[in-house]
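mind looking at a prediction? Sequence and model below.
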Amino acid sequence: MKILHISAECYPAAKAGGLGDVVGALPKYLNKIGVPTGVIIPKYHTKWILSQQYTPVFKGSVRLHDSYYPFVIEKQVGDSLGFPFFVASIPGRFDRPGIYSDEAGHPYRDEVERALCFQQAVLQWIRESPGKPEVLHCHDHHTGLIPFMVKHCPEYQTLAHIPTVFTIHNGQYHGQFSWEKLYLLPFFEQEARGLLNWHFHINPMATAVKCAWRVTTVSDSYLHELQDQANGMESLLRHEQFKCAGILNGIDQQVWDPETDPYIGVHLDDDVAGFKAANKRIMLQHFRLNEHLPVITFIGRLVGEKGADLLPDLIQRVIYSGMQVAFAILGTGERWLHDKLAALVHQFPGQVDVRLEYNEGLAHQMYAGSDYLIMPSRVEPCGLNQMYAMRYGTLPVVRSVGGLKDTVPDIGEPDGSGRGIRFDHFTLDDAHLAVYRAVDFYHRREAFQQVRNHVMTIDFSWENSAGQYNNIYEEMTSLVGS
């Protein structure tokens with residue numbers, strides 16, 4: 001391998017959000033352009049991981065204070081994902097069905113210990129491997145201490161010459177923990193202690209930004225937003241901006257292909273309108289909605305970060321204003337939102353229906369059958385849902401943040417580049433106006449169909465992004481060789 005991606009998630013093995021989608025796709029496309037790339041994640045007891053066969057490639061043990069945890073690095077047999085896929089089997093730490101929380105939704109209480117075990121297991125494996133990767137690409141705070149460890153922990157300093165890239169997928173979560181847990185870390189050079197500190201805590205994300213050779217974010221707009229809003233890390237990102245780059249995520253167009261997608265009822269041929277109408281009928285077998293109304297869909301986590309808390313009041317205002325439109329919602333999240341949305345189903349039969357679950361197959365069918373997808377996010381580092389939606393001919397209604405701003409020009413743009421509808425402020429008034437514009441545009445059938453046809457042709461594939469990442473890798477490895 002030239003590049004090793006180290007992550008807490010990788011689709012389809014383990015996915016909680018966009019991180020899993022990225023780590024499941026980017027390595028595949030790097031391999032396609034001739035950059036040998038592999039992935040390692042913890043060995044959770046997810047259905048997919050347990051269904052695979054593995055070959056052990058390394059055994060060792062990790063020390064946390066005065067305890068030792070044995071581990072085995074295993075390689076998936078067959079490389080069915082399009083890249084070498086490895087898991088770190090650490091009994092007692094990751095042999096659980098959930099990634100970050102249990103089946104009841106309660107976060108695990110040993111996240112610090114789990115992350116430290118995983119990161120050190122990976123480094124021990126690399127240290128003892130005869131063919132070491134040329135670049136370590138770490139993702140989010142779960143792997144944020146690796147750039148520090150290879151530089152400042154004597155146990156791993158033989159890897160200090162290997163360049164590290166750190167990608168911020170979500171700058172709101174730093175993985176910080178109290179200095180009272182310092183005893184869990186491997187021995188490190190005491191003069192490097194300050195690199196661990198941010199706001200009087202050990203902060204893995206801040207440490208990675210300080211120590212990694214290069215830092216990337218998942219869209220250019222998000223890189224600039226983080227310098228103003230990063231949950232207390234703004235000044236650090238401004239200080240380190242010389243080594244930062246924003247690279248827009250892509251989507252896996254083999255997985256998200258309306259011509260072959262096994263999850264959708266009717267595949268795309270030359271008739272886009274027929275494709276959309278047929279899939280809308282199939283989607284409405286899952287949602288009790290008026291088939292004659294335009295359907296606006298929300299797919300994702302029902303949490304404040306995604307702007308889902310705006311939905312109940314927005315839906316009420318829209319329907320009370322007399323707009324003839326229907327809403328279909330798929331996702332799970334905060335319990336109070338579940339209750340409010342469920343109440344709307346009874347309040348507005350035929351215009352609101354929800355499925356409070358995670359359902360990958362139904363999500364694909366909704367992208368294929370909906371007229372619009374709404375994303376009122378407070379924060380959206382890149383966003384993939386809007387790209388999936390456009391790939392299937394569903395126009396996005398989005399707030400102008402992060403990657404949503406970069407990928408969805410408004411239909412009002414005078415240059416004709418419009419792909420959907422944008423609103424700037426996280427307010428009911430702005431969101432209500434955006435929905436009004438969407439419904440109005442839906443009834444301008446010729447213009448609506450023209451934009452719908454156009455967005456289905458946009459290339460959101462990973463090839464361009466993979467090339468940009470490879471440029472960074474080559475730049476760093478050339479420094480090693482010089």
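Everything's here; your move. The structure presented is a predicted model; accordingly, all values stated were derived computationally and were not measured.

show me the contacts for residue 458.
By C-beta atoms under 8 Å, 6 or more residues apart in numbering, the contact list for residue 458 reads 390-391, 419. All C-beta spots, glycine's among them, are computed from the backbone N, C-alpha and C.

tell me the SS of it?
Residue 458 carries the three-state label coil when classified by DSSP: H, G, I helix; E, B strand; the rest coil.

how about the helices in the stretch 1-150 of the chain?
Using DSSP state H, counting those that start in this stretch, the helices of the stretch 1-150 of the chain run over 18-32, 47-50, 111-128, 146-152.

against which helices or strands is the longest one packed?
For helix 111-128, the contact count by 3 or more C-beta pairs under 8 Å, 6 or more residues apart in numbering; DSSP states H and E identifies strand 3-6, strand 37-42, strand 54-64, strand 67-76, strand 85-89, helix 146-152 as packing neighbours.

just the buried positions in it, please.
By neighbour count with 16 or more other C-beta atoms under 10 Å, helix 111-128 contains the buried residues 112-127.

sorry, back to before: export the contacts of residue 458 as JSON lines, with columns for pLDDT.
JSON lines is the format used below for the contacts of residue 458 (pLDDT from 0 to 100):
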{"residue": "390", "pLDDT": "98"}
{"residue": "391", "pLDDT": "97"}
{"residue": "419", "pLDDT": "97"}
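
so which of the helices of the stretch 1-150 of the chain comes closest to residue 300?
Distance to residue 300, taken as C-beta to C-beta, is lowest for helix 18-32 among those, at 9.6 Å.

gap between that closest one and the chain center?
Relative to the chain's own centre, helix 18-32 is displaced by 11 Å; criterion: C-alpha atoms, centre = their mean, to the nearest Å.

need the contact partners of it.
Around helix 18-32, the neighbours that count as contacts under C-beta under 8 Å, 6+ apart are 3, 5, 7-15, 37-39, 41, 81-83, 139-140, 167, 169-170, 218, 249-252, 255, 381-384, 461-463, 465-466, 469-470.

try 6 Å this time
Contacting residues not belonging to helix 18-32 are listed as 5, 7, 9-11, 37, 39, 82-83, 140, 169, 249, 252, 384, 462, 466 [C-beta atoms under 6 Å, 6 or more residues apart in numbering].

surely residue 302 and residue 308 touch.
Yes - under the criterion of C-beta atoms under 6 Å, residue 302 makes contact with residue 308 at 4.3 Å.

identify the contacts common to the two.
Any residue near both residue 302 and residue 308 by C-beta under 6 Å, 6+ apart counts here, and that gives residue 337.

picking up where we left off before, so which of the contacts of residue 458 sit within helices?
With helices identified by DSSP state H, the entries of these that belong to them are 390-391.

tell me the one of the contacts of residue 458 nearest residue 368?
Of all those, the one sitting nearest residue 368 is residue 391; the distance, using C-beta to C-beta, is 9.4 Å.

picking up where we left off before, which of the helices and strands packed on helix 111-128 sits closest to residue 183?
If you check each of the helices and strands packed on helix 111-128 against residue 183 by C-beta to C-beta, strand 54-64 wins as the nearest, at 8.5 Å.

and the closest one, which strands flank it?
Paired neighbours of strand 54-64 in the sheet (DSSP bridges): strand 67-76 (antiparallel).

could you check the angle helix 111-128 makes with the partner strand?
Interaxial angle, strand 67-76 versus helix 111-128 (axes from the mean of the first three to the mean of the last three C-alpha atoms, to 10 degrees): 60 degrees.

pull the residues that contact strand 67-76.
52, 54-62, 85-90, 117, 121, 125.

can you flag the buried ones in those residues?
So, by 16+ other C-beta under 10 Å, the buried ones in these are 54, 58, 60, 62, 85-90, 117, 121, 125.

list the residues that contact residue 293.
If you count contacts by C-beta under 6 Å, 6+ apart, residue 293 has them with 324-326.

and with 10 Å instead?
Applying C-beta atoms under 10 Å, 6 or more residues apart in numbering to residue 293 gives the contacts 323-327, 350-351, 371, 439, 442.

okay, domains of the protein per the record?
According to automatic domain parsing, the chain is divided into the following domains: 3-250+462-481, 272-455.

so how far is residue 434 from residue 263?
Remark: distance between residue 263 and residue 434 (C-beta to C-beta, to the nearest Å) = 28 Å.

the two - which one has more neighbours?
Neighbour count, other C-beta atoms under 10 Å: between residue 263 and residue 434, residue 434 has more, with 23 against 15.

leaving out chain neighbours, which residue sits closest to the more buried one?
In this structure, residue 434 finds its nearest non-sequential neighbour in residue 423, 4.1 Å apart by C-beta to C-beta, 6 or more residues apart in numbering.

may I have the phi/psi pair for the one you found?
Main-chain dihedrals, residue 423, degrees, to the nearest 10: phi -140, psi 150.

who is it paired with across the strands?
Beta-bridge pairing of residue 423, defined through DSSP bridges, involves residue 399.
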